[in-house]
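Undergrad: everything below, folded, please.
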Amino acid sequence: MYYLGIDNGGTMTKAALFDGTGTLVSVCSEKVELLHPQPGMEEVDGAQLWQSNVKAIRSAVTQAGIDPKEIACVACAGHGNGMYLVDGDGAPLVGVRSTDIRAREYVDQWERAGVVDALMSKTTQRTWAAQPNALLRWFEDHQPETLQRAKWLFMVKDFVRFKLTGEAAMELTDASATSLLNNQTGQWDDELLRAWGVEKYQHLLPPLVQTTQICGHVTPEAAQETGLAAGTPVAGGMFDIDAVGLGVGMTDERSLCLISGTWGNNQYIATAPVVSKDIFMTTLYSIPGFYLMLEGSATSTSNLEWTLSTFFKADKELLALKNSGKTIYDVLNEELEATEPEDTGAIFLPFLYACPPNPDGKGVLFGLDAWQDRGHVMRSVCEGIVFAHYWHIERLLKFRSKPGEILLAGGAAKSPIWRQMFADVFQTPVRVPDGAELGALGAAIAAAVAVGAFPDCKTACKTFVKFSNVNHPDAAKADLYAKKYARFKKLLEVLEPGWSELAWK
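TA: Numbers count the residues shown, from 1 in each chain. The predicted structure follows:
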């Protein structure tokens, strides 16, 4: 039998088919077009999003060359927060992405009034502009007609599951990141809704379901569109940080997982939640009885992608013309390989999309000399992204001991040089699981458990998750990187007083 994992990230939809051993059989991806109606707004067209899923699913099934009836179960993963509203007919009304900042003023008001701190014993997290509590307030003030037409509020993967099954539900790991769920009880909370001023929209919140719970079956209509067999079970799925957590085998408290993607997510799990304003988010994990502690921001490989698109455009076009088989990432690795960490003291602050220390902070490249070339700059960019991860990890280490290993996923995991940089900065072994589609793999693990192929996710991970790459830290580089990281933090300290004053409004 086979298991289909669907992963809806920031810009791509992926459908991946796995066999009963966790071996990837086929994978197909479709780009999702981002819409920017106004500055600070990040949306997608729900109909186009569904069609991206339809195409990816149909292509993955066709590519595998199997009978769709051999797919035992489907499960979805996706980015957390944002807000996906549908009307009474199931038609999408609006899809807001997790990078949207239109509702920042409401969060600022709640912070100043002490509301966020007062509710933290229940929410176990900071609130931020793309959470549905803030978005509901914005839509009430600016587009009330959208809320009047709405029937259900979903996270992205819940929207996709709804389109597959026709059954409305929100899965707990995603719900626990919305600041609308009491994370101590695992239930929607009237006090939270009232405190955010959104109690009148409680009817939009769907029933809650578990990660490995069967939540419906593929409808005949969805089957015709996707190529799946009608009646195929669909499991609850999970928040994508949970999916990658399962995809790297994070099933106990020993490890720490880093995800280098649009967001740089740094996380671990434990049986007791951390409730503190010094940590970004504590949510429910896909394994019952565990909480996931997260420190993260949009300070990871999204910054590299901007750098590559801006400064490597000619190289990319030249490679396409030559049809050499090389990619722009091969060029990047060559540039990195030609430099050493002691070659440059330039510092990059990867704040092109977000600045955790100060919302007015921006990206910075500091300490350039005329003799430095592009390779030195690219090393500084990659080091700066690693340092941003480390800045978040230091916050996590206030609440736990140093991990015995780091499980690395995302774009940085594909580069041997960059993987070694993580190991050398953290002075901790870095393990990278085999395969690239870890979010879809985590969803497939949930699907396999949902239909009884394994008793639980921990057992399934032992079969589905495989490792062959480990980078051991070079002790000789420990002092050098410690000095570089100290300079990174000192630059943050020096810039802190001026960011708000110098911000371009």
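Undergrad: quote the end-to-end distance of stretch 181-197.
TA: Distance across stretch 181-197, first residue to last, is 15 Å (Cα to Cα, to the nearest Å).
Undergrad: contacts for that stretch next, please.
TA: Stretch 181-197 is contacted from outside by 110, 115, 118-119, 121-125, 133-134, 136-137, 172, 175-176, 179-180, 199, 201-202, 205, 208, 273, 282-284, 291, using Cβ atoms under 8 Å, 6 or more residues apart in numbering. All C-beta spots, glycine's among them, are computed from the backbone N, C-alpha and C.
Undergrad: filter these down to the buried ones and express that as a ChimeraX selection.
TA: Only the buried entries of those go into this ChimeraX selection, using 16 or more other Cβ atoms under 10 Å:
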select :110,115,119,122,123,124,125,133,134,136,137,172,175,176,179,180,201,205,208,273,282,283,284,291
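Undergrad: looking at the contacts of stretch 181-197, which are in helices?
TA: 110, 115, 118-119, 121-123, 133-134, 136-137, 172, 175 (DSSP state H).
Undergrad: so what's the residue count around Ala129?
TA: The number of residues packed near Ala129 is 21, by other Cβ atoms under 10 Å.
Undergrad: any idea how far the residue nearest to Ala460 when sequence neighbours are not counted is from Pro288?
TA: Once flanking residues are discounted, Ala460 sits nearest to Phe454: 3.9 Å by Cβ to Cβ, 6 or more residues apart in numbering. Distance, Phe454 to Pro288, using Cβ to Cβ, to the nearest Å: 14 Å.
Undergrad: settle it for me: which of the two has more neighbours?
TA: Remark: of Phe454 and Pro288, Phe454 carries more neighbours, 19 against 13, as counted by other Cβ under 10 Å.
Undergrad: contact partners for Val465?
TA: Shown in contact with Val465 (Cβ under 8 Å, 6+ apart): 22, 246-249, 433, 441.
Undergrad: any chance of those residues in CSV with distance to Asn471 as columns?
TA: Below are the contacts of Val465 laid out as CSV (distance: Cβ to Cβ, whole Å):
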residue, distance to Asn471
Gly22, 23
Leu246, 22
Gly247, 19
Val248, 14
Gly249, 17
Pro433, 13
Leu441, 21
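Undergrad: for these, which one is nearest Phe399?
TA: Val248 (20.4 Å; Cβ to Cβ).
Undergrad: the closest one contacts Cys257, doesn't it?
TA: Yes - taking Cβ atoms under 8 Å as the definition, Val248 is a contact partner of Cys257 at 5.5 Å.
Undergrad: list the residues that contact both of the two?
TA: Common neighbours of Val248 and Cys257, using Cβ under 8 Å, 6+ apart, are 407-409.
Undergrad: strands - which of the residues you listed land there?
TA: Among these, the members falling in strands (DSSP state E) are 407-409.
Undergrad: output these as CSV; include the columns neighbour count, pLDDT and distance to Asp89.
TA: Listed next are these as CSV, based on neighbours: other Cβ atoms under 10 Å; pLDDT from 0 to 100; distance: Cβ to Cβ, whole Å:
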residue, neighbour count, pLDDT, distance to Asp89
Leu407, 26, 95, 43
Leu408, 25, 95, 44
Ala409, 26, 92, 38
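Undergrad: just name the closest of the residues you listed to Phe366, please.
TA: Lowest distance from Phe366 to those (Cβ to Cβ) belongs to Leu408, with 26.5 Å.
Undergrad: what sits against the closest one?
TA: Contacts of Leu408 (Cβ under 8 Å, 6+ apart): 248, 257-258, 260, 419, 422, 430-432.
Undergrad: go again with 10 Å.
TA: Listed by Cβ atoms under 10 Å, 6 or more residues apart in numbering, the contact set of Leu408 reads 248, 256-260, 389, 414, 418-419, 422-423, 430-433, 469, 471.
Undergrad: check Thr11 too.
TA: Going by Cβ under 10 Å, 6+ apart, Thr11 touches 29, 31-34, 44, 79, 97, 262, 302, 305.
Undergrad: so for stretch 78-94, mean pLDDT?
TA: Taken as a whole, stretch 78-94 has a mean pLDDT of 96.
Undergrad: stretch 311-321 now?
TA: Averaging pLDDT along stretch 311-321 gives 72.
Undergrad: centre of the chain to stretch 149-157, how far?
TA: 20 Å (Cα atoms, centre = their mean, to the nearest Å).
Undergrad: quick one: end-to-end distance for it.
TA: End-to-end span of stretch 149-157 (Cα to Cα): 21 Å.
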